[in-house]
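Engineer: Fold the following.
(chains A and B)
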Amino acid sequence: LGQTNSSRYGGETQLAAATTPEPEYEAIPMPARTSVVANSGDSISSIVGSSDPVAVEAFMRANGLTDSKIYAGERYVMPSSADYAASTGDMGQAALNRDNARTADNRIDQNQSLLPDTGTGLEVDVNLAYLHPDIPDSRAESMRMMDHGLMDAQRQEQLKNAAPIMGPINEWWEGVKGRVILSITDPQEFVDQALSKSFPLYEGMGRVTEEEFLQAVNQASAEDGKLDLDPQAFDAVVGSFLPGSGIAGTTKRVLGKAAKGAPSTQLTKQEAVEQLRDSLRFRMLGLDKKGFDAAEAIGGVRLEQYLGRRIERSVDPAVDFIDKKLGRIDLKGPLADPKTGVLVPQDKMDVTGLARSVVKEHNFSSASQTIVVDTLGMSKQQIDMLKQAVQGGIKEQTKKIIYVE
Amino acid sequence: MANSILCFKNRHVRLPDKDIAIVFEFLLLSVKKLDDEGLLGLKDFKSIAKSWLQSINNSGPGTIDIDFDGYVCSPEVEKQMILIFDEVKSEIGSYGESIPATLLNNIGPGRMNILESDTRSILVAVDKIVSMFK
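Structural biologist: All right, here's what the predicted structure looks like:
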């Protein structure tokens, strides 16, 4: 032994018997066994150069590993054909799952310190256990979505798809300027009409960026700094994107002046654009391909306020939102009417049911990485009860749980 | 979209809230059409189905929590549930490829503003629910 070659992993590959001294007895020829020194960031699959579970398992067998962990600086033997022959792939698959979970975990942990200290949520360590064998298709789905590179790809796709919908946005804006809504006196009817108008724009609203939206608004508005739009009509439009009283106490930032219900207010273009943008943002967070859920929109907006940054509406129906730091978010609550956003009366809130839902999501689901529990409208006592029930139902916390209070 | 996990005994399925809502809207629609014979002797099933739907409509995102265990408490009832959900599948399947939004938003109190729904995804949701009773 002794001749070494640098491997592509930065370690050394040893070629057996290359410079072996003359034997004093007849040697039995042995197949060459190579070895590598693991570098920081290596995993078994990166060393064997394959994600094939059999190859991973063969490596584990060759090195007597029972766990997928390998250590930088340690030397590992590459598997022989006998190791491959003895491998079924089961142990390798389990190791791959753990590797992927660990990688995702590290990615999120690296960002933990960047989270704003808002002081209102309970944040705990993340140990992703998203590969749950009992949930069909969850593994492939999670593997796909956990790749944050794919989230970038998703974003690219959104940008690509944004271009064709600028026409519909402008068209819709022209419709608003037409003031047809002024003739509507029944609020519910108006909400329905507004919803039906905006639904065809789902693809646009769901994918367009804020910059693109503002650009469209600016193009469609008057040049004198004021929108060519009756303020009352504008308030009606903005109001139509809000679920009435349910949101009123929810978020002052989102509602702005529109929440105060001042139809005679003369808005500057900037104010109008901001209000409309926020309203549409609210709509975007509650819209998906199956429809609009006002309660989800409230939860989404409140989470954005809590985090102090924008989140993405997930295009994957398995989860609600995507956040670059929290990953795949599953929303629980608020306990509000999904159609109108009106909160369930406090004394009728099913806190136990909400707690059960959180526990089930934590214990059974592999789809989400973070659970956000919106406690809007609950008393302090109810929130304490909720947290206690959740902690009582979770044996070992493996997901981040955030309470937005 | 919000998803909820439905449990029965030690089994569970995770489904989008909207799909659950649609399935149970159709469950109520189906049981209303069935007479006692059609309901296979399931006592109070109409009111139970109604209470399940009410519970769905009063839930927040991701918090639908139906107490199947409290009602489906014998192998016989489990079998009957499967048969009733077969009726639900027939009812849903009768709409062809998609269920119109106007129908979905009008067949019950409704928990949301729903767009036209792909029939296949709803049938998959029914199958997943039924799989808990098998």
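
Engineer: all contacts plus neighbour counts: C-alpha atoms, from now on.
Structural biologist: OK.

Engineer: Up against chain B, what does chain A have?
Structural biologist: A:135, A:199, A:288-296, A:314, A:317-321, A:330-340, A:344, A:353-354, A:356-358, A:360-361, A:364-365 (Cα under 8 Å from any Cα of the partner chain).

Engineer: could you point out where the stretch 301-405 of chain A is predicted with low confidence?
Structural biologist: Along the stretch 301-405 of chain A, the parts satisfying pLDDT under 70 run over A:340.

Engineer: can you give me the helices for it?
Structural biologist: A:351-364, A:380-393 (DSSP state H, counting those that start in this stretch).

Engineer: Ok, chain B next?
Structural biologist: Applying DSSP state H to chain B gives helices spanning B:17-33, B:45-57, B:75-93, B:101-104, B:119-131.

Engineer: May I see those helices arranged in CSV, with mean neighbour count as well?
Structural biologist: Formatted as CSV, these follow (neighbours: other Cα atoms under 10 Å in any protein chain shown):
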stretch, mean neighbour count
helix B:17-33, 22
helix B:45-57, 19
helix B:75-93, 18
helix B:101-104, 15
helix B:119-131, 18
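
Engineer: For residue A:373, which of these is the nearest?
Structural biologist: Among the helices of chain B, the nearest to residue A:373 by Cα to Cα is helix B:17-33 (15.9 Å).

Engineer: Extract the CA atoms of that closest one and return them as PDB.
Structural biologist: What follows is helix B:17-33, C-alpha atoms only, in PDB (Å, rounded to 0.1, in the frame of the first residue of the first chain):
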ATOM      1  CA  ASP B  17     -60.300  21.700   3.500                       C
ATOM      2  CA  LYS B  18     -62.300  22.600   0.400                       C
ATOM      3  CA  ASP B  19     -62.400  19.000  -0.800                       C
ATOM      4  CA  ILE B  20     -63.600  17.900   2.600                       C
ATOM      5  CA  ALA B  21     -66.300  20.600   2.500                       C
ATOM      6  CA  ILE B  22     -67.400  19.600  -0.900                       C
ATOM      7  CA  VAL B  23     -67.500  15.900  -0.100                       C
ATOM      8  CA  PHE B  24     -69.700  16.500   3.000                       C
ATOM      9  CA  GLU B  25     -71.900  18.900   1.200                       C
ATOM     10  CA  PHE B  26     -72.600  16.000  -1.200                       C
ATOM     11  CA  LEU B  27     -72.900  13.600   1.700                       C
ATOM     12  CA  LEU B  28     -75.700  15.700   3.100                       C
ATOM     13  CA  LEU B  29     -77.200  16.100  -0.300                       C
ATOM     14  CA  SER B  30     -77.100  12.300  -0.900                       C
ATOM     15  CA  VAL B  31     -78.600  11.300   2.500                       C
ATOM     16  CA  LYS B  32     -81.400  13.800   2.100                       C
ATOM     17  CA  LYS B  33     -82.400  11.800  -1.000                       C
END
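
Engineer: what packs against it?
Structural biologist: Helix B:17-33 sits against helix B:45-57, helix B:75-93, helix B:119-131, with contacts defined as 3 or more Cα pairs under 8 Å, 6 or more residues apart in numbering or on different chains; DSSP states H and E.

Engineer: For residue B:73, give its distance to residue A:349.
Structural biologist: 27 Å (Cα to Cα, to the nearest Å).

Engineer: Compare these two (neighbour count), which wins?
Structural biologist: Taking neighbours as other Cα atoms under 10 Å in any protein chain shown, residue B:73 and residue A:349 compare with residue A:349 leading, 20 against 12.

Engineer: hang on, isn't that one packed against residue A:336?
Structural biologist: No. Here residue A:349 lies out of contact with residue A:336, judged by Cα atoms under 8 Å, at a distance of 9.2 Å.

Engineer: hang on, the earlier thing: of the helices of chain B, which is nearest residue A:88?
Structural biologist: Among the helices of chain B, helix B:119-131 comes nearest to residue A:88, with 30.1 Å by Cα to Cα.

Engineer: what angle separates the closest one from helix B:75-93?
Structural biologist: Interaxial angle, helix B:119-131 versus helix B:75-93 (axes from the mean of the first three to the mean of the last three Cα atoms, to 10 degrees): 180 degrees.

Engineer: got the angle between helix B:119-131 and helix B:17-33?
Structural biologist: When the same axes, to 10 degrees is applied, the directions of helix B:119-131 and helix B:17-33 differ by 80 degrees.

Engineer: In CSV, list the C-alpha atoms belonging to helix B:119-131.
Structural biologist: The C-alpha trace of helix B:119-131 is given here as CSV (Å, rounded to 0.1, in the frame of the first residue of the first chain):
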residue,chain,number,x,y,z
THR,B,119,-64.7,16.0,-10.2
ARG,B,120,-61.8,13.6,-10.1
SER,B,121,-60.0,15.3,-7.2
ILE,B,122,-63.2,15.2,-5.2
LEU,B,123,-63.7,11.5,-6.0
VAL,B,124,-60.2,10.9,-4.8
ALA,B,125,-61.0,12.7,-1.6
VAL,B,126,-64.1,10.4,-1.1
ASP,B,127,-61.9,7.3,-1.8
LYS,B,128,-59.4,8.5,0.8
ILE,B,129,-62.1,9.0,3.4
VAL,B,130,-63.6,5.6,2.6
SER,B,131,-60.2,4.0,2.9
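
Engineer: what about that helix, near chain A?
Structural biologist: No. Judged by Cα under 8 Å from any Cα, helix B:119-131 stays clear of chain A, getting no closer than 10.1 Å.

Engineer: Ranking helices and strands of chain B by mean pLDDT, which lands last?
Structural biologist: Of all helical and strand segments in chain B, the minimum by mean pLDDT, DSSP states H and E falls on strand B:113-114, at a mean of 63.

Engineer: rewinding a little: tabulate the helices and strands packed on helix B:17-33 (TSV), appending mean pLDDT.
Structural biologist: Converted to TSV, these look like this (pLDDT from 0 to 100):
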stretch	mean pLDDT
helix B:45-57	86
helix B:75-93	89
helix B:119-131	92
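
Engineer: Can you give me the neighbour number for residue A:388?
Structural biologist: By the criterion of other Cα under 10 Å, residue A:388 has 12 neighbours.

Engineer: Distance-wise, check it relative to chain B.
Structural biologist: 17 Å (Cα to the nearest Cα, to the nearest Å).

Engineer: sorry, back to before: let me know which of the helices of chain B is the nearest to residue A:383.
Structural biologist: Judged by Cα to Cα, the one of those that comes nearest to residue A:383 is helix B:45-57, at 20.7 Å.

Engineer: Who are the packing partners of that closest one?
Structural biologist: Short answer (3+ Cα pairs under 8 Å, 6+ apart): helix B:45-57 packs on helix B:17-33.
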